[in-house]
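> Okay, sequence plus prediction incoming.
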Amino acid sequence: MNTKSFLLVDSFYPINSRNVKIEKSIKQQFEGCNFDIIAWNRENRTIKEEHKDYHIYNKYSPAGKLFKKLVYLFGFGKYIKNVNNRLCPKILIASHWEILLLLSLFKRKGQVLIYENLDIPTAGNLFFLRILQFIEKCALKKTDAIIFASRFFYPLYDFYVGEKFILENKPLNCKSSYIPQKQDRKDFTISYIGNVRYLPIMKNLIDSIKELKNIQLIIHGDGASLKELKEYSKGYFNISFTGRYEVDKLPQLYESSDIVWAVYPNDDYNVKYAISNKFHESLIYLKPCIYADNTELGNYIEKHHLGWTVNPYDIHAIKDLIIQISNNPNCLSDIIINLNNESSKSKTWDEDLQPIINYINNI
């Protein structure tokens, strides 16, 4: 086996941006290593030229169709097993808990299994949540290390005796010395930047501002809920959509905003402990965000006065908060000062990655 050979498995194509960063970082650290990727093309997407070396499993299973995904997961597992047996990489990286389960079953003697824990198992029903957690615990028995995408995940895995690292999803090669430019905007602008999902909560945001004529809502991004959200927003002239964007446009998108909407369902078990990408982007671009209350991140935001929190399901509370912020420019200035102070203490992606690189070096 090649001691510097990797196989990363993602349950979707294209692979998520975090895995793209992991691939890029490992290739930079281990020049000349073999880094293979398995991805599941669940939506019959055209494979990009730069991904022609990926190992692609083609089976239509669109997002939101959980039963179909579970049925086809067995076929994906067989595909993973065949690729793993053929390549025999030293290090396996499992992105998501269901991939961890499959790789734990197909892990060969001498291989090292790393769990890329970007989301913890979640379910609306407590009984099913306990089942998923049990499955994850079984898979962890054959796992050598965990990489947590949130500092709040770490305490949930006190039972795990292997190596544990925290690598939050910070922008790659992005310095925290960003200097915001003064903007002359007539209206107060709220932006949503990212994958358009969690439709009920996005509808609540729209309902809260649709009659506030001095408030503009701009939604940047694509996603499963985009089409329905556009339909829901018809007739409201203070709501607009810009569509898919490239990562290098993030500074411009944040610059064009007064505040950013980063509210997710606080009744979701994963959301309670996750850290939104927008939190780290907020620190870099010094742009305040609104987050969901009753979450670990929300508690942190409130404690350090780094933004605001709100009940995602209370339209009146959302509306009142937005009016309060838009009518009080000083509160924005105070939050930006706090963001700058927090940013100065925050480590970069590369600094957080270094202990993981050291661990891999010693394998």
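In hand now; what should we look at? Model, not experiment: these values are computed from the prediction.

> What residues of stretch 119-137 count as buried?
Using 16 or more other C-beta atoms under 10 Å as the test for burial, stretch 119-137 gives Asp119, Ile120, Pro121, Thr122, Ala123, Leu132, Gln133, Ile135, Glu136. C-beta coordinates here come from the backbone N, C-alpha and C atoms, glycine included.

> what separates that stretch from the chain centre, distance-wise?
19 Å (C-alpha atoms, centre = their mean, to the nearest Å).

> could I have that stretch exported to CSV, CA atoms only?
Only the C-alpha atoms of stretch 119-137 are listed here, as CSV (Å, rounded to 0.1, in the frame of the first residue of the first chain):
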residue,chain,number,x,y,z
ASP,A,119,-23.0,16.8,10.2
ILE,A,120,-24.1,14.6,13.0
PRO,A,121,-27.0,12.2,12.6
THR,A,122,-30.4,13.8,12.9
ALA,A,123,-34.0,12.8,12.7
GLY,A,124,-37.3,14.4,13.6
ASN,A,125,-38.3,11.3,15.6
LEU,A,126,-36.4,10.6,18.8
PHE,A,127,-36.6,6.8,18.2
PHE,A,128,-35.1,7.0,14.8
LEU,A,129,-32.5,9.5,16.0
ARG,A,130,-31.4,6.9,18.6
ILE,A,131,-31.2,4.2,15.9
LEU,A,132,-29.0,6.4,13.7
GLN,A,133,-26.7,7.2,16.7
PHE,A,134,-26.4,3.5,17.5
ILE,A,135,-25.4,2.8,13.9
GLU,A,136,-22.8,5.6,14.0
LYS,A,137,-21.4,4.2,17.3
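
> how near is Ile37 to Trp261?
32 Å (C-beta to C-beta, to the nearest Å).

> for Arg18, same thing?
From Arg18 to Trp261 the distance is 21 Å (C-beta to C-beta).

> Could you check the pLDDT of Pro171?
Per-residue confidence (pLDDT) for Pro171: 85.

> wait, isn't Tyr157 in contact with Lys164?
Yes. Applying C-beta atoms under 8 Å, one finds Tyr157 in contact with Lys164, separated by 6.7 Å.

> quick one on the thing from earlier: between the buried residues of stretch 119-137, which sits nearest Asn299?
Ile120 (17.2 Å; C-beta to C-beta).

> The closest residue to that closest one other than its chain neighbours: what's it in contact with?
Using C-beta to C-beta, 6 or more residues apart in numbering and skipping the chain neighbours, the partner closest in space to Ile120 is Asn270 (5.2 Å). Residues counted as contacts of Asn270 (C-beta atoms under 8 Å, 6 or more residues apart in numbering) are Asp119, Ile120, Pro121, Thr122.

> Tell me if I'm right that the first one and Ala149 touch.
Yes. Checked against C-beta under 8 Å, the pair Asp119 and Ala149 is within contact range at 7.3 Å.

> residue ranges with poor pLDDT in the stretch 101-250 of the chain?
173-185 (pLDDT under 70).

> Which stretches in it count as strands?
112-117, 145-148, 163-166, 188-193, 215-220, 239-243 (DSSP state E, counting those that start in this stretch).

> For the lengthiest helix in the chain, give me every contacting residue.
Ranked by residue count, the top helix of the chain under DSSP state H comes out as helix 66-87. Outside of helix 66-87, the residues within contact range by C-beta under 8 Å, 6+ apart are 5, 7, 9, 11, 34, 36, 38, 40, 42, 55, 57, 59, 61-62, 92, 98-99, 102-103, 105-106, 108.

> Which parts of the stretch 1-150 of the chain are helices?
17-29, 66-87, 97-106, 126-140 (DSSP state H, counting those that start in this stretch).

> who wins for proximity to Cys331 among those?
That would be helix 17-29 among these, by C-beta to C-beta, at 31.5 Å.

> The closest one - what's its average pLDDT?
Helix 17-29 comes out at a mean pLDDT of 95.

> what ranges do the helices span in the stretch 251-363 of the chain?
For the stretch 251-363 of the chain, the helices defined by DSSP H, counting those that start in this stretch occupy 269-273, 277-285, 296-304, 315-326, 329-345, 349-361.

> Save these as CSV, and put in distance to Leu73 too.
As requested, those are arranged in CSV below (distance: least, C-beta to C-beta, whole Å):
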stretch, distance to Leu73
helix 269-273, 19
helix 277-285, 26
helix 296-304, 30
helix 315-326, 37
helix 329-345, 40
helix 349-361, 27
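
> Please point out which parts of stretch 322-338 sit buried.
Of the residues in stretch 322-338, those buried (16+ other C-beta under 10 Å) are Ile322, Ile323, Ile325, Ser326, Leu332, Ile335, Ile336, Asn338.

> re earlier: make TSV out of the contacts of Asn270 and add distance to Gln216.
Below are these laid out as TSV (distance: C-beta to C-beta, whole Å):
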residue	distance to Gln216
Asp119	32
Ile120	35
Pro121	38
Thr122	33
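
> Closest to Ala145 out of these?
Here the nearest of the contacts of Asn270 to Ala145, counting by C-beta to C-beta, is Ile120; it sits at 16.3 Å.
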